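A.B. asks: the following comprises the amino acid sequence and a computationally predicted model.
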Amino acid sequence: MIIEAKVIGSGITAEDYLRQEVERGHPDYVLSRSDLVEILRCPHRWRAGYKLDSSEARDRGSLWDCLLLDRPNFANRYAVTPETYPAPAHHPKVKKHEIELGDPLPWNANAGWCEDWLSAHKNQEVVKHDKLLEAEAAVARVLSDPELAGIIEASTKQVMVVGTWEDKATGLKVPIRALLDIVPLLDSAFAQWIIDYKTTNQGGLRLWTRSVASYAYHVQAWLHTALYVKATGQDRSEFGHIIQENYEPFHVEKRRLSVEFVEIGGVIARNALGLYCQCLKADEWPGYRANVVLNGWALVEPELWMQSEAMETMPELVVPPESFVPNPNDVPIP
């Protein structure tokens, strides 16, 4: 159970939120939703340092997040590449007098001037100019919805909460944390809500429902709600998602997780925390779970649907029509 929690602050960047003082496997390592999910999948892999590779989709989501929820810090976090750079004296077109020294040329990361620009902005995340225009268009689409614009205006953003989980089975107490995207103000119409902003490649209800389960967004909902309620004592009984497709026209949908879905997330989170505490106490980090292990080798068995699928591939017995023609030599059996 969560025995204590407190709000650290708002406007917390992802970099500050993800910073750790100790390595995985240390009792002071602060667990997040993503940690819990990976621990439940494979404790050994998580302990060894596994993390999802950075991807274009994740980078895009971070940029859109910043513009929508943390715009005042945009200039500190990001550097936007210029569209052009000044033509140098050694450029072939300058030498041929086709263009003048210093005339604008399309951005080229391999050009010396551009390399110097990138070096000067090495402490920021570099984003191309066209990607910024795309992100601005996407954010404008969210804010074009009066209700969503009102929610975002009347809320605290990027709220970091930390707490302590006490495991009854092992007696261990471990730190946990969450970063809440949108916490509506208490005097607003959504005072009982916590809301998360997600980008997706498919906003359809059925596929989004599966995405919630696949990416453990229901685990996130439970953890964020439980920590924030423990820290503040507020009634935050609703968890919603603002979801936006990551391609034009950047369609937006508003979704609300059912109580049952959040409760399932809570079961998964508590199971993961229990498994983590067992691993931490014994300092043993097993691999993937297996139902049957023989002499150290996990047995791989077909699932029921695989057996059914095999039966469906069996050819039908085809009896040629001539086999039904009576044979005069046959003697009927009385």
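C.D. replies: That came through fine.

A.B. asks: pass me the low-pLDDT residue ranges in this protein, would you?
C.D. replies: Along the chain, segments meeting pLDDT under 70 span 53-57, 313, 315-334.

A.B. asks: which parts of it are helices?
C.D. replies: 14-18, 33-41, 43-47, 56-69, 74-77, 92-95, 112-120, 129-143, 146-153, 205-214, 217-232, 259-282, 304-312 (DSSP state H).

A.B. asks: dump the second one to CSV, restricted to CA.
C.D. replies: Going back to what we said before, that points to helix 33-41. In CSV, the C-alpha atoms belonging to helix 33-41 read as follows (Å, rounded to 0.1, in the frame of the first residue of the first chain):
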residue,chain,number,x,y,z
ARG,A,33,4.9,3.1,-14.2
SER,A,34,7.3,2.1,-17.0
ASP,A,35,9.5,0.4,-14.5
LEU,A,36,6.7,-1.6,-13.0
VAL,A,37,5.5,-2.8,-16.5
GLU,A,38,9.0,-3.9,-17.4
ILE,A,39,9.7,-5.6,-14.1
LEU,A,40,6.5,-7.6,-14.4
ARG,A,41,7.5,-8.7,-17.9
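
A.B. asks: tell me what it is packed against?
C.D. replies: If you count contacts as 3 or more C-beta pairs under 8 Å, 6 or more residues apart in numbering; DSSP states H and E, helix 33-41 packs onto helix 43-47, helix 217-232, helix 259-282. Bear in mind the C-beta positions are built from the backbone N, C-alpha and C, glycine included.

A.B. asks: which of these sits most buried?
C.D. replies: With neighbours taken as mean count of other C-beta atoms under 10 Å, these reach their highest mean count in helix 217-232, at a mean of 22.

A.B. asks: same for it, what does it pack against?
C.D. replies: Helix 217-232 packs on strand 2-9, helix 33-41, strand 155-166, strand 173-184, strand 193-200, strand 238-245, helix 259-282, going by 3+ C-beta pairs under 8 Å, 6+ apart.

A.B. asks: could you give the angle of it to helix 33-41?
C.D. replies: 130 degrees (axes from the mean of the first three to the mean of the last three C-alpha atoms, to 10 degrees).

A.B. asks: contacting residues for the closest residue to residue 67 other than its chain neighbours?
C.D. replies: Nearest residue to residue 67 in three dimensions, chain neighbours excluded: residue 139, at 4.7 Å (C-beta to C-beta, 6 or more residues apart in numbering). By C-beta atoms under 8 Å, 6 or more residues apart in numbering, the contact set of residue 139 is 64, 67, 68.

A.B. asks: residue 88 too?
C.D. replies: Residue 88 sits next to 94, 101, 111, 112, 113 when contact means C-beta under 8 Å, 6+ apart.

A.B. asks: from those residues, which is closest to residue 293?
C.D. replies: For the contacts of residue 88, the closest approach to residue 293 (C-beta to C-beta) belongs to residue 111, at 58.0 Å.

A.B. asks: burial of the nearest residue to that closest one once chain neighbours are set aside, as a residue count?
C.D. replies: Among residues not flanking residue 111 along the chain, residue 85 sits closest, at 5.9 Å (C-beta to C-beta, 6+ apart). Neighbour count for residue 85, taken as other C-beta atoms under 10 Å: 20.

A.B. asks: gap between residue 85 and residue 297?
C.D. replies: From residue 85 across to residue 297, the span is 59 Å (C-beta to C-beta, to the nearest Å).

A.B. asks: again with residue 153
C.D. replies: 59 Å.

A.B. asks: tell me which residues touch the residue lying closest to residue 167 once chain neighbours are set aside, please.
C.D. replies: Among residues not flanking residue 167 along the chain, residue 277 sits closest, at 3.9 Å (C-beta to C-beta, 6+ apart). When contacts are counted by C-beta under 8 Å, 6+ apart, residue 277 touches 167, 169, 170, 172, 174.

A.B. asks: repeat that for residue 52.
C.D. replies: residue 58.

A.B. asks: again, but for residue 18
C.D. replies: residue 32.

A.B. asks: OK, contacts around the closest residue to residue 148 other than its chain neighbours?
C.D. replies: Of all residues not flanking residue 148 in the chain, residue 142 sits nearest, at 5.6 Å (C-beta to C-beta, 6+ apart). Residues near residue 142 by C-beta under 8 Å, 6+ apart: 68, 148, 149, 152, 197, 242, 244, 252.
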